[in-house]
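Chemist: sequence unknown, structure follows:
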């Protein structure tokens with residue numbers, strides 16, 4: 001069974017630090033979590049993350065603060081630690097392991113999934129520490145798209161960069177392209 005997922009993360013070229021993860025299985029089960037241990041300082045120094053990812057996180061009522069453009073960092077935000085989706089990484093790791101453990105013949109799928117797979121694998125430490133049954137790779141929906149000749153795809157709409165919304169969109173994209181194959185579109189391998 002396929003599981004489509006997405007992660008949001010901050011990276012500095014050496015470390016990929018999980019912000020959030022969303023997963024949807026073909027049987028309809030969903031999982032979403034936000035790391036209570038994310039490096040908020042690193043996030044506030046990345047304008048793109050502040051503009052695109054942070055607004056989708058569970059924030060306190062006073063939410064996001066953007067200082068004047070000439071000042072640094074780009075802004076501040078307050079994660080609402082009372083939300084049930086906000087968890088320490090060890091809890092996320094255990095819940096993701098349990099979510100995936102229930103699936104026979106597990107296939108992981110993501111759009112541009114290389115960094116997503118590293119963010120996922122690092123929940124348990126080095127790659128060799130992956131739980132039994134969790135693949136050491138993620139199938140890439142973008143690669144599938146390229147093999148189909150880069151056909152036009154449906155637009156996502158609202159919620160882009162919310163990890164769960166993106167995971168559901170990934171599943172929809174895959175199903176759309178799979179239907180194209182069933183209709184006779186040839187793969188360019």
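Modeler: Yep, that arrived. Predicted model only: the values in this text are computed from it and were never measured.
Chemist: contact partners of the helix or strand encompassing residue 96?
Modeler: Using DSSP states H and E, residue 96 sits within helix 89-101. Helix 89-101 is contacted from outside by 3, 18, 21, 23, 25, 29, 31, 33, 35, 37, 87, 106, 120, 123-124, 131, 133-134, using CB atoms under 8 Å, 6 or more residues apart in numbering. Quick note: C-beta positions are derived from backbone N, CA and C, even for glycine.
Chemist: hmm, try it at 10 Å
Modeler: Residues from elsewhere that reach helix 89-101 (CB atoms under 10 Å, 6 or more residues apart in numbering): 1, 3, 5, 17-18, 20-21, 23, 25, 29-31, 33-38, 85-88, 106, 108, 120, 122-125, 129-135.
Chemist: Please confirm that residue 6 is located within a strand.
Modeler: Yes - checked against DSSP: H, G, I helix; E, B strand; the rest coil, residue 6 lies within a strand.
Chemist: give the contact list for the residue lying closest to it once chain neighbours are set aside.
Modeler: Distances taken as CB to CB, 6 or more residues apart in numbering place residue 166 nearest to residue 6, at 3.7 Å, with adjacent residues excluded. Listed by CB under 10 Å, 6+ apart, the contact partners of residue 166 are 4-8, 20, 22, 24, 56, 110-111, 116, 156, 159-160.
Chemist: what's residue 166 sitting at in phi/psi?
Modeler: Main-chain dihedrals, residue 166, degrees, to the nearest 10: phi -60, psi -40.
Chemist: Tell me how far it lies from residue 102.
Modeler: Going from residue 166 to residue 102 by CB to CB, to the nearest Å gives 22 Å.
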